[in-house]
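[1] following is a predicted model, sequence given first.
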Amino acid sequence: MATAQQALTGTTSASNAGTLIDTQRVQDSSSVNSPYPIANAQAGNFPAMQLLQRSLPGVIVVLTLFGLLLFYNWLESGNYRPLYTNLPESEKNEAFNVLAGSAFPVELDSRTGDIMVPPNRYYEARMLLASAGFSDPGTSQSLDIFNEQASLTTSQFMEEAQYRAATEIELSKSIVQISSIKSARVHLAAPRQSSYVRNRVPAKASVVVIAHPGRVITQSNVQSITNLVSSSVPYLAVEDVSVVDQQGNLLTMSMSPTLRMADMQATYERSIESDYQTRIEQLLAPIVGIENVNSDVDVVIDFSEFETTSEIFDQTGKGPLSRSETLSVDRNGENARVGGIPGAQSNLAPADQGDPDAGEQQVPDAQTTTPAEPSSERTTRNYELDRSIQYSRNAIGTISRLSVAVVVNQAALGLEASEESDATESTSSEVNLDQLTDLVKNSIGFDEARGDQVLLISSPFVDVAQIEEIPIPWYENSSIQFIAQVVGAVIVLALALLFVVRPAMTSILARNRELNKTSGLGAGTTQGQAFQQLSYDQRVGMMRQAASSDPAKVATAIKDLVQG
């Protein structure tokens, strides 16, 4: 009986081998003739399980490579930097198409929509866009649009709008040239002007500026921007230009002309003081060292302005002179004696005409008289005097007083502060200080008449410890963070393989072994051990299956059983 079972087992093994070759035929026949469909179904699924077992390692390898590729892309995307910010959609589309068409690694930020490129190829991307004719954002068009969009059908309104837009772009380009300005945008409100002066409406402008990180937009920058815009637009006054920064702060304060002038004067004073201070330190640095000298300068500048007109006489100092002289001579019309001998007779009083005796005694005078006409003479003499007229206007911004204070490190002069220093060292110190004081006076143009003061002293400097650089924690180092990301990803992948993939593989392999024991007993039990473990019905079902699949082998087995 055991021999017959072994023969049947061998026959069953052969039949199972045939089942591996033609699974569908066995399943069809067993489903019709066999009363045990469960065992037959398990035997039919055995090749599919073997195929899954063989392909599972390849699937795991493919999934692992795919995960590593995703991890690499994630690392690369984390290091991308924006190429341009605040790009219009049309320009962004154009730039993205240029980069993508050149097989350049480019992507869009999912949050901001900015174009992102690798940091090590940032400037290469900018050069590529520049070679393709793509300029900086906001300045891609300017006055060149008139050459591209010129047409006979273009209305005057469109031409004015295009001209205004082109002017805004050109002004933005000019403002960006300032070192502290990162980007700028200009808005012009210039209405059409009337031919009548009284009906003209003043233009207005507003400028939005963005400073570079770490830079400050000074008041001088704001004044430069307002004057630049005002000079570029007709009928636009400086007061009508508003400048706003990226935080919304109004930089053009409504200052009166007096306050603006005071601010300019204070700025000028600070520049003069800084210039003198630099001059003093550069003069003393080769002698005592730049770290051993400190100076401070105070300048009083006279900004008063006036004009003078003067008329000066007698510049040579000869004394006062007459400027004009007039001589006048007048003569009346009375008789004038023209002759006679002076003597006693002429000195006698005239005789009384009422006395006849007196008339007889008169002797005729030897002199004769002639009638005279009235006359007048006037003479004017003018003298050229030493006279000059001067018109003078003073120069504003002149220095009215200069005060300088300089402190030199005592150790730099070779003098140590100690109680045991003798008079020789004191004298040497005074000589050195006097020489340095003279140098400072000559360098600043010292003028005692205007009240200038220079004070130079030596004093020991306190040793200030050098500021040590704060060490960056190792966990904040970018290289360490990158390595930590890679190591962390590898650890996560290893844990996934160890605690997820490995148990799954173990479970699948164990299940396959169980299925092999139940469905492939004929093929795997060459010695009939597993066949004996089956129940009677299972044995009968397998025998029927073998007889239907290969009757010749079953007949041979029965023949051997009978003959044996």
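    Structure received. Please read these numbers as outputs of a predicted model, since none were measured by experiment. Residues are numbered from 1 along each chain as shown.

[2] what's the nearest residue to Pro191 if we skip its chain neighbours?
    Using C-beta to C-beta, 6 or more residues apart in numbering and skipping the chain neighbours, the partner closest in space to Pro191 is Val201 (4.9 Å). C-beta coordinates here come from the backbone N, C-alpha and C atoms, glycine included.

[3] same question for Asp452.
    Leu402 (4.5 Å).

[4] got it, and Leu283?
    Ser443 (5.2 Å).

[5] which helix or strand contains the one you found?
    Ser443 belongs to helix 423-444 when assigned by DSSP states H and E.

[6] rounded mean pLDDT for that helix, please.
    The predicted model gives helix 423-444 an average pLDDT of 75.

[7] and the next helix or strand past that helix?
    Heading C-terminal from helix 423-444 (DSSP H and E), you reach strand 453-459.

[8] tell me the strands beside that next one, with direction?
    strand 398-409 (parallel) (DSSP bridges).

[9] residues in contact with the partner strand?
    For strand 398-409, contacts defined as C-beta atoms under 8 Å, 6 or more residues apart in numbering pick out 272, 276, 280, 284, 288-289, 291-302, 433, 436, 440, 444-447, 450-461.

[10] pull the number of nearby residues for the residue nearest to Asp452.
    Around Leu402 there are 22 other residues, counting by other C-beta atoms under 10 Å.

[11] likewise for the one 10 residues further on?
    As a burial measure, Ala412 scores 17 neighbours (other C-beta under 10 Å).

[12] if I look at it, how far off is Asp296?
    According to C-beta to C-beta, to the nearest Å, Ala412 stands 18 Å off from Asp296.

[13] partners of Ser388 in the sheet?
    Ser388 forms beta bridges with Ile312, as assigned by DSSP bridges.

[14] tell me if I'm right that it and Thr309 touch.
    No - counting by C-beta atoms under 8 Å, Ser388 stays clear of Thr309, with 11.7 Å between them.

[15] according to the record, where do the domains of the protein fall?
    75-136, 156-192+201-254, 256-315+382-415+431-463 (the TED database).

[16] closest to Ile491 out of the ones you listed?
    domain 75-136 (15.2 Å; C-beta to C-beta).

[17] can you pull out the strands in the stretch 151-300 of the chain?
    Secondary structure of the stretch 151-300 of the chain (DSSP state E, counting those that start in this stretch): strands at 181-189, 204-211, 241-244, 293-302.

[18] would you turn those into JSON lines with distance to Ser230 and mean pLDDT?
    Listed next are these as JSON lines, based on distance: least, C-beta to C-beta, whole Å; pLDDT from 0 to 100:
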{"stretch": "strand 181-189", "distance to Ser230": "11", "mean pLDDT": "90"}
{"stretch": "strand 204-211", "distance to Ser230": "8", "mean pLDDT": "92"}
{"stretch": "strand 241-244", "distance to Ser230": "6", "mean pLDDT": "92"}
{"stretch": "strand 293-302", "distance to Ser230": "28", "mean pLDDT": "92"}
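
[19] compare those and report which one is nearest to Thr64.
    Closest to Thr64 of the strands of the stretch 151-300 of the chain is strand 181-189 (C-beta to C-beta; 46.0 Å).

[20] got the CA coordinates for that closest one in CSV?
    In CSV, the C-alpha atoms belonging to strand 181-189 read as follows (Å, rounded to 0.1, in the frame of the first residue of the first chain):
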residue,chain,number,x,y,z
ILE,A,181,18.1,102.6,-4.3
LYS,A,182,17.3,99.0,-5.3
SER,A,183,14.2,99.7,-7.4
ALA,A,184,11.9,102.7,-8.0
ARG,A,185,8.6,103.4,-9.7
VAL,A,186,7.4,106.8,-10.8
HIS,A,187,3.8,107.9,-11.4
LEU,A,188,3.1,111.2,-13.2
ALA,A,189,-0.1,113.2,-13.2
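
[21] and that strand, what other elements does it pack with?
    The contact analysis (3 or more C-beta pairs under 8 Å, 6 or more residues apart in numbering; DSSP states H and E) places strand 181-189 against helix 156-176, strand 204-211, helix 219-232.

[22] deepest of those, which one?
    With neighbours taken as mean count of other C-beta atoms under 10 Å, the helices and strands packed on strand 181-189 reach their highest mean count in strand 204-211, at a mean of 20.

[23] need the contact partners of that one.
    171, 175, 180-190, 217, 225, 229-230, 233, 236, 240-246, 251.

[24] put the buried members of the residues you listed into a PyMOL selection.
    To isolate the buried members of these in PyMOL, using 16 or more other C-beta atoms under 10 Å:
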select buried, resi 171+175+181+183+184+185+186+188+190+217+225+229+230+233+236+240+241+242+243+245+251
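
[25] got the buried residues for stretch 484-498?
    Residues Ala489 are the ones in stretch 484-498 that count as buried (16+ other C-beta under 10 Å).

[26] I'd like the mean pLDDT over it, please.
    82.

[27] could you export it as CSV, CA atoms only?
    Extracted C-alpha coordinates of stretch 484-498, given in CSV (Å, rounded to 0.1, in the frame of the first residue of the first chain):
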residue,chain,number,x,y,z
ALA,A,484,22.0,66.6,8.6
GLN,A,485,19.3,66.6,6.0
VAL,A,486,21.0,63.9,4.0
VAL,A,487,21.8,61.8,7.0
GLY,A,488,18.3,62.2,8.3
ALA,A,489,16.8,61.1,5.0
VAL,A,490,19.1,58.0,4.9
ILE,A,491,18.1,57.1,8.5
VAL,A,492,14.4,57.5,7.6
LEU,A,493,14.9,55.4,4.6
ALA,A,494,16.7,52.7,6.6
LEU,A,495,14.1,52.7,9.2
ALA,A,496,11.4,52.4,6.6
LEU,A,497,13.2,49.4,5.1
LEU,A,498,13.8,47.8,8.5
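
[28] what residues of stretch 396-410 count as buried?
    For stretch 396-410, burial by neighbour count (16+ other C-beta under 10 Å) applies to Ile399, Leu402, Val404, Val406, Val407, Val408, Asn409, Gln410.
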